[in-house]
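Colleague: sequence and predicted structure are below.
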Amino acid sequence: MTDRGSAITHKARWAALAAGLSLLFPVAVQAQALNACDLNVDQAVNVVDLQLATNMVLGLAPCTATVVGTGMCNIVLVQRVTNAALSGTCITLHSATLTWTASTSSNVTGYNVYRGTQTGGPYTKITFTPVAGTSYIDTTVLAGQTYYYVTTAVDNSNNESVYSNQVPAAIPTP
């Protein structure tokens, strides 16, 4: 038998989570072809990117590079950025950058990101754990494809909200 008080508390918590979602929706999706070696995203691969790559490998900066693979910062990264700085050639990577407005609910601990290939879904969760911030870069997109993104809020009890509004992203062809 469920305690009426705890059922009301749970219902109120869920309502608060859902109410906070009135502001939760992707407000921008940017699909782009990135030069993966341009680590500081200033449209040039140079000594600044080489220093950033070195700092990532040494653990002095967060590993945000996708040159070798997502979250992989090793000596190969430094070599590829060096080669790109000298020759201008680097791996081209497609991505979709999502940003959204934070939920106003006080107990939200993160957000799940879902992606579909048809408007209205079905959607597949593409984040393994909830994203702590209000942005996400999807580096697993394919050139020439259109994706449809939604997000959900996750609270400190691991309850998940309903889907946000859907936002499309058309990925360019090389």
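Modeller: In hand now; what should we look at?

Colleague: switch to C-alpha atoms for all contacts and neighbour counts from now on
Modeller: Fine.

Colleague: for this protein, give me the ranges with low pLDDT.
Modeller: Residues of the chain meeting the criterion pLDDT under 70: 1-34, 68-71, 91-93, 173-174.

Colleague: can you give the domain ranges for it?
Modeller: Under automatic domain parsing, the residue ranges defining each domain of the chain are 4-33+93-170, 37-90.

Colleague: turn these into JSON lines, including mean neighbour count.
Modeller: What follows is the domains of the chain, written out as JSON lines (neighbours: other C-alpha atoms under 10 Å):
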{"stretch": "domain 4-33+93-170", "mean neighbour count": "17"}
{"stretch": "domain 37-90", "mean neighbour count": "18"}
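
Colleague: which residues in the chain form strands?
Modeller: 26-35, 92-100, 108-116, 124-125, 135-138, 146-155, 167-170 (DSSP state E).

Colleague: who does the most centrally placed residue in the chain bridge with?
Modeller: In the chain, the centroid-proximal residue (C-alpha atoms, centre = their mean) is Tyr136; its distance is 1.6 Å. Beta-bridge pairing of Tyr136 under DSSP bridges involves Leu98.

Colleague: then Gly116?
Modeller: Counting by DSSP bridges, Gly116 is bridged to Tyr148.

Colleague: Val141 is in contact with that one, correct?
Modeller: No: under the criterion of C-alpha atoms under 8 Å, Gly116 is not in contact with Val141, lying 11.0 Å apart.

Colleague: show residues contacting stretch 51-63.
Modeller: The contact list for stretch 51-63, computed with C-alpha atoms under 8 Å, 6 or more residues apart in numbering, reads 39-40, 64-65, 71-75, 77-78, 81.

Colleague: gap between that stretch and the chain center?
Modeller: 20 Å (C-alpha atoms, centre = their mean, to the nearest Å).

Colleague: just the CA atoms of that stretch, as PDB, please.
Modeller: C-alpha atoms of stretch 51-63 as PDB (Å, rounded to 0.1, in the frame of the first residue of the first chain):
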ATOM      1  CA  GLN A  51      50.100  24.300 -27.500                       C
ATOM      2  CA  LEU A  52      46.500  23.400 -26.600                       C
ATOM      3  CA  ALA A  53      47.000  19.800 -28.000                       C
ATOM      4  CA  THR A  54      50.100  19.500 -25.900                       C
ATOM      5  CA  ASN A  55      48.300  20.700 -22.800                       C
ATOM      6  CA  MET A  56      45.500  18.200 -23.400                       C
ATOM      7  CA  VAL A  57      48.000  15.400 -23.700                       C
ATOM      8  CA  LEU A  58      49.700  16.400 -20.500                       C
ATOM      9  CA  GLY A  59      46.400  16.800 -18.600                       C
ATOM     10  CA  LEU A  60      46.800  20.500 -18.200                       C
ATOM     11  CA  ALA A  61      43.700  21.200 -20.200                       C
ATOM     12  CA  PRO A  62      40.500  19.200 -20.600                       C
ATOM     13  CA  CYS A  63      40.600  16.700 -23.500                       C
END
